[in-house]
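[1] no letters, just coordinates:
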């Protein structure tokens, strides 16, 4: 919940600056949308398996179906790996979760009353969690899983196709590429530290 509150605060602050020229708080709120999506992420590096990705976001739009938009969101990426020894771990097979806190801008193009295209670029921080096995201090001869955390700068480029069921509600398909900007525990070099994702989602206006 704290993560989502942080995202909400970032978007509302940015949107209020961009939309300061508009009169009336209710008019300002009418530009707020809530994108939600689910999909799969496909890492570049061999040995890292595709996994579920989810997204919760808050978005401010200059206009409903065209123009500038600003959004911030939480991407959560779940993945597993095989025959890789992450930095600081002794598990060659395991799982990792990335929480990507992203903020950025984009532009939307109206194709027709029902269809829009959009593109965006985001930057932020990726918080990763994975595990290692260590001897138990409390129970000699036994072992325990311990979490390892890592923070990495991250960027993301996204392309979106939207279909409007209602002027204030749409479903959409996204294609995205996420790149860690410093080496992650699973990658040997910068070129292996990216992933593609395909997602389906829906987006609704606050008012």
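    All right, it came through fine. Note that the structure is predicted; figures quoted are calculated from it, not measured.
[2] any stretches of this structure with poor pLDDT?
    Low-confidence segments of the chain, defined by pLDDT under 70: 1-26, 137, 139.
[3] spatially central residue for it, please.
    For the chain, residue 75 is the residue whose C-alpha lies nearest the centre (C-alpha atoms, centre = their mean; 2.5 Å).
[4] helices of the protein, start to end?
    For the chain, the helices defined by DSSP state H occupy 2-18, 25-29.
[5] quick revisit: now the residue nearest to the centre of the chain, which residues is it bridged with?
    Legend: beta-bridge partners of residue 75 under DSSP bridges are residue 55, residue 100.
[6] if I look at it, how far off is residue 133?
    Here the criterion is C-beta to C-beta, to the nearest Å. By it, residue 75 lies 28 Å from residue 133. Where you see a C-beta, it was placed from the backbone N, CA and C, and this is true even at glycine.
[7] who touches the nearest residue to residue 122 once chain neighbours are set aside in this structure?
    Distances taken as C-beta to C-beta, 6 or more residues apart in numbering place residue 104 nearest to residue 122, at 3.2 Å, with adjacent residues excluded. By C-beta atoms under 8 Å, 6 or more residues apart in numbering, the contact list for residue 104 reads 70-72, 120-124, 156.
[8] mind redoing it with 7 Å?
    Residues near residue 104 by C-beta atoms under 7 Å, 6 or more residues apart in numbering: 71, 120-123.
[9] state the pair within those residues that is farthest apart.
    Greatest spacing in these, by C-beta to C-beta: 71 and 123 (12.5 Å).
[10] can you pick out the residue with more neighbours from those two?
    Legend: neighbour count by other C-beta atoms under 10 Å for residue 71 and residue 123, higher for residue 71 (25 against 13).
[11] in the sheet, who's paired with that one?
    On the basis of DSSP bridges, residue 71 is bridged to residue 59, residue 104.
[12] my guess is it contacts residue 58, does it?
    Yes. The pair residue 71 and residue 58 qualifies as a contact (C-beta atoms under 7 Å) at a distance of 6.4 Å.
[13] related to what we said a few turns ago, what about the residue nearest to the centre of the chain, distance to residue 90?
    Using C-beta to C-beta, residue 75 is found at 28 Å from residue 90.
[14] for whichever strand in the chain runs longest, which positions count as buried?
    Longest strand of the chain, by residue count under DSSP state E: strand 143-166. By neighbour count on 16 or more other C-beta atoms under 10 Å, the buried set for strand 143-166 is 148, 150, 152, 154-156, 158, 160, 162, 164.
[15] quick one: it to chain centroid distance?
    3 Å (C-alpha atoms, centre = their mean, to the nearest Å).
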